[in-house]
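Chemist: no FASTA, just this:
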């Protein structure tokens, strides 16, 4: 996959056109010493459960799927409107799920927010709690083409919504982009979605975590991956899979 030039957009860019914000996809490579381990034996999940059914919010505000005590911890900084993140989600789905099910790997998604539609999606994905976050993220990335096409087809209304001030700003963005119907078909009622999108404190917290953590860790684009606290030198599934296997996952 050809990498795109990284950009830092964040709060100042929340009113930018969607086409410009998409340029934030892609992350720069940074060399790190990754952990090396022999293959780690599978760790049984609690009786009657699969590790993919164990989900929680991390202290950093990310959404963790899998064994909370997994010896191999994968963190992805992601944007929900990033095409590279969508490709990674599709290519990694089967292999990463198998590793999480083994109990050896936990998988955490943290937001790097690129623009207002991205933030709106992040707020909607939190609407149903931790258990729904990863499945909804996968649904958004697998349907990213139609979502972006629908948003761009209604660009005038979307741009007007992005310029709106007040607690209903993200409701209007969701309406313009067709997201209320999209999430409604996936179990989030319109009333629930409006409630989630009308919380300015939640929006501010997502933006603050995105900016602060990206600055602290030098995350300049998405997707960017960390394995047991060390940055992975690359952002494609074949690179991440090799790093996970090197750390003992199978």
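Modeler: Sure thing, it's come through. What you are looking at is a predicted structure, and each value in this text was computed from that prediction instead of being measured. Residues are numbered from 1 along each chain as shown.

Chemist: Show me what the residue nearest in space to the middle of the chain bridges to in the sheet.
Modeler: Compute the mean C-alpha point of the chain, and by CA atoms, centre = their mean the closest residue is residue 78, 4.0 Å away. Counting by DSSP bridges, residue 78 forms beta bridges with residue 111.

Chemist: ok, it - contacts?
Modeler: By CB atoms under 8 Å, 6 or more residues apart in numbering, the contact set of residue 78 is 85, 109-112, 137, 222-223. To be clear about C-beta, it is placed using only N, CA and C from the backbone, and glycine gets the same treatment.

Chemist: Using the three-state scheme, assign residue 86.
Modeler: Following DSSP: H, G, I helix; E, B strand; the rest coil, the label given to residue 86 is helix.

Chemist: Quick one: residues contacting it.
Modeler: The contact partners of residue 86, by CB under 8 Å, 6+ apart, come to 141-142, 144.

Chemist: Let's have those residues in a markdown table, adding neighbour count and secondary structure.
Modeler: Shown next, in a markdown table, are the contacts of residue 86 (neighbours: other CB atoms under 10 Å; DSSP: H, G, I helix; E, B strand; the rest coil):
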| residue | neighbour count | secondary structure |
| --- | --- | --- |
| 141 | 21 | helix |
| 142 | 14 | helix |
| 144 | 20 | helix |
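
Chemist: Can you tell me which of those residues comes closest to residue 37?
Modeler: residue 141 (29.3 Å; CB to CB).

Chemist: Phi first, then psi, for residue 75.
Modeler: Main-chain dihedrals, residue 75, degrees, to the nearest 10: phi -120, psi 130.

Chemist: Could I get the pLDDT score of it?
Modeler: Here, the pLDDT recorded for residue 75 equals 98.

Chemist: Go ahead and confirm it touches residue 106.
Modeler: No - using CB atoms under 8 Å, residue 75 makes no contact with residue 106, being 9.0 Å away.
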